[in-house]
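1. Just to be clear, the model below is a prediction. Sequence and coordinates:
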Amino acid sequence: MKTENRILLAALGSLALAACNQAEEVPPLGTAQQMMAQEVQPTAEIFWNAVGSRSELVDDEPVFTEWQPEGDAEWGDVRAAAARLGELGEILQTPAYSEGRGDDWIAYSQGLVEAAAQAEQAAEARDPEAVFEVGGTIYAVCSACHRMYPPEQLPEGVTVDDIAQPRPNEDMTLGEYVEETDAE
């Protein structure tokens, strides 16, 4: 093979490799909406449903019920859900999910990572009150993000207002929004 042909083949190979490296990253967990529906929402619900209380009438008598994880396995599930939320927040910051979105996408994703770290600490401490409290913070971060980036398709009759808190004003930071939402 002639030297010129080798040089040409090497140059074409380099260009092909460069094009591959610049190709759009494929989302590892489907579209953002698929990831939310199949990963984030079910994982958050494990955490949110770990502690709580309910008041209801049974035979015209008020019955108050509280629940929290019992034993190592249940607390481990809550901690694992919190850790997974943190991982998902990190994935949301990758170019596969953040490209084409504003800097606030990264801020919301990082807010999920930070809230998930608090959630993991609360689960490790086996502190039901802290789990409940940080569950509200996770909800506030998710709601704020959904307000800025509404799901592409909502079930019929459901609006963004049904699933999200009011959109923060443009001058409000994520931390200020979470504080304001937690105060309500």
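-> That came in fine, so what should we check first?
2. backbone phi and psi for residue 101, please?
-> When read as degrees, to the nearest 10, the backbone of residue 101 gives phi -110, psi 170.
3. ok, it - contacts?
-> residue 149 (Cβ atoms under 8 Å, 6 or more residues apart in numbering). In this view, the C-beta of every residue, glycine as well, is placed from N, C-alpha and C.
4. Let's see the pLDDT reported for it.
-> Looking at residue 101, its pLDDT is 91.
5. Quick check: the gap between it and residue 109.
-> 10 Å (Cβ to Cβ, to the nearest Å).
6. List the buried residues of stretch 34-42.
-> Of all the residues in stretch 34-42, those buried under the rule 16 or more other Cβ atoms under 10 Å are 35, 36, 39, 40.
7. The residue nearest to the last one when sequence neighbours are not counted: neighbouring residues, count only.
-> Nearest residue to residue 40, sequence neighbours excluded (Cβ to Cβ, 6 or more residues apart in numbering): residue 88, at 5.4 Å. Taking other Cβ atoms under 10 Å as the criterion, the count of residues near residue 88 is 21.
8. try residue 147
-> Residues lying near residue 147 (other Cβ under 10 Å) number 18.
9. That one should be in a helix, yeah?
-> Yes. Looking at residue 147 with DSSP: H, G, I helix; E, B strand; the rest coil, it is inside a helix.
10. Which pair in the buried residues of stretch 34-42 has the greatest spatial separation?
-> Within those, two members stand farthest from each other by Cβ to Cβ: 36 and 39, at 7.2 Å.
11. how about the strands in this protein?
-> Here the chain has its strands, by DSSP state E, at 52-58, 61-67.
12. So, low pLDDT: which residues of the protein?
-> Low-confidence segments of the chain, defined by pLDDT under 70: 1-25, 152-184.
13. can you give me the helices for it?
-> Taking DSSP state H as the criterion, the chain carries its helices at 3-22, 32-35, 41-48, 71-92, 95-98, 103-124, 128-148, 160-163, 174-183.
14. between the ones you listed, which one is nearest to residue 65?
-> Nearest of those to residue 65, taken as Cβ to Cβ: helix 128-148 at 13.6 Å.
15. Now do the contacts for the residue nearest to residue 40.
-> Each residue near residue 88 by Cβ under 8 Å, 6+ apart is listed here: 29, 35, 39, 40, 43, 112.
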